[in-house]
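J.: only geometry, no sequence info:
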């Protein structure tokens with residue numbers, strides 16, 4: 001992990017609530033895994049470990065441990081819902097990761113809570129459609 005930046009921010013954290021347009025995409029373990037890899041690559045992040053798990057009767061969890069922190073996704077296809085967590089250290093942009101996941105998983109409605117880690121008072125919630 002990198003050291004805290006001069007502005008006191010250790011990293012950027014996105015907590016994402018997302019609604020997809022196609023249930024089957026959120027229930028596809030292979031697609032979730034490929035999407036995590038593509039998203040990390042889009043942000044130029046280095047994957048250290050990657051794991052996914054398909055649940056019965058439905059749902060997928062995926063986790064990418066990055067040299068710069070992590071990306072996690074948990075899906076509930078029956079509700080067209082995905083919970084996504086993206087934490088990045090340094091200057092790299094976590095929105096590049098989210099944009100790639102949005103395209104690959106056909107996410108339509110997105111609510112993002114942004115937290116500047118290392119600063120206890122800074123966070124912002126916004127709707128992105």
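T.: Noted; the coordinates are in hand. As the structure is a prediction and not an experimental result, all values here were calculated from the model.
J.: Can I take it that residue 103 is in a helix?
T.: Yes: counting by DSSP: H, G, I helix; E, B strand; the rest coil, residue 103 is part of a helix.
J.: Please give the number of neighbouring residues around it.
T.: As a burial measure, residue 103 scores 13 neighbours (other CB atoms under 10 Å). Every residue, glycine included, has its C-beta placed from N, CA and C.
J.: In the protein, what residue spans correspond to strands?
T.: Under the criterion DSSP state E, the chain contains strands at 11-20, 47-54, 60-66, 69-76, 81-89, 107-117, 123-128.
J.: Using a markdown table, please lay out these together with mean pLDDT, distance to residue 98 and mean neighbour count.
T.: As requested, the strands of the chain are exported to a markdown table (pLDDT from 0 to 100; distance: least, CB to CB, whole Å; neighbours: other CB atoms under 10 Å):
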| stretch | mean pLDDT | distance to residue 98 | mean neighbour count |
| --- | --- | --- | --- |
| strand 11-20 | 96 | 6 | 19 |
| strand 47-54 | 99 | 16 | 13 |
| strand 60-66 | 99 | 13 | 20 |
| strand 69-76 | 98 | 9 | 22 |
| strand 81-89 | 97 | 6 | 21 |
| strand 107-117 | 93 | 7 | 17 |
| strand 123-128 | 64 | 9 | 11 |
